[in-house]
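Participant: structure for the following, please:
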Amino acid sequence: MIDHQWHLSHTVLEVKPLGPLTAEDFQSLQAQVDPVISEHGRLSGLLINAQDFSGWESFAALVSHCRFVRDHHKHIHKIAVVSDEPLLGYMPRLVDHFVSAEVRPFSSVEFKRALAWLGEAG
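Facilitator: Now for the predicted structure:
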């Protein structure tokens, strides 16, 4: 399951995985994101709160995740990854080659700083 919460007047979406991700999670997320992108043209930011990332429930879930990224990355200006997991700290450098958004890692104590960065113009 993916919990989500809007910040900064529906311009920044926080997503928080709660257990292994499923294909249905990305369908639900798309239903939340697409209307905002249609109305505003893009999201200012996506905050991935990955404190408890447990991976994917199945290969189909991983494929759904990849499709979601492929279909939406051009409509997201910045991505902040919040996690204390050392491996996830390297993720922004890896995905930076595949997405058009600017991606930065933040530790859990920097949550407010990550949200502020996502809200900055630029």
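
Participant: quick check: which element contains the residue lying closest to residue 14 once chain neighbours are set aside?
Facilitator: Sequence neighbours aside, residue 47 is the residue nearest to residue 14 in space, at 4.2 Å (criterion: CB to CB, 6 or more residues apart in numbering). For glycine as for every other residue, the C-beta is placed from the backbone atoms N, C-alpha and C. Assessed by DSSP states H and E, residue 47 sits inside strand 43-49.

Participant: could you point out the helix or strand that follows that strand?
Facilitator: Following strand 43-49 in sequence, per DSSP H and E, is helix 59-72.

Participant: by how many degrees do that following helix and strand 43-49 diverge?
Facilitator: Here helix 59-72 runs at an angle of 150 degrees relative to strand 43-49 (axes from the mean of the first three to the mean of the last three CA atoms, to 10 degrees).

Participant: contacting residues around helix 59-72?
Facilitator: Helix 59-72 is contacted from outside by 20-23, 25-27, 29-30, 33, 37, 56, 95, 98-99, using CB atoms under 8 Å, 6 or more residues apart in numbering.
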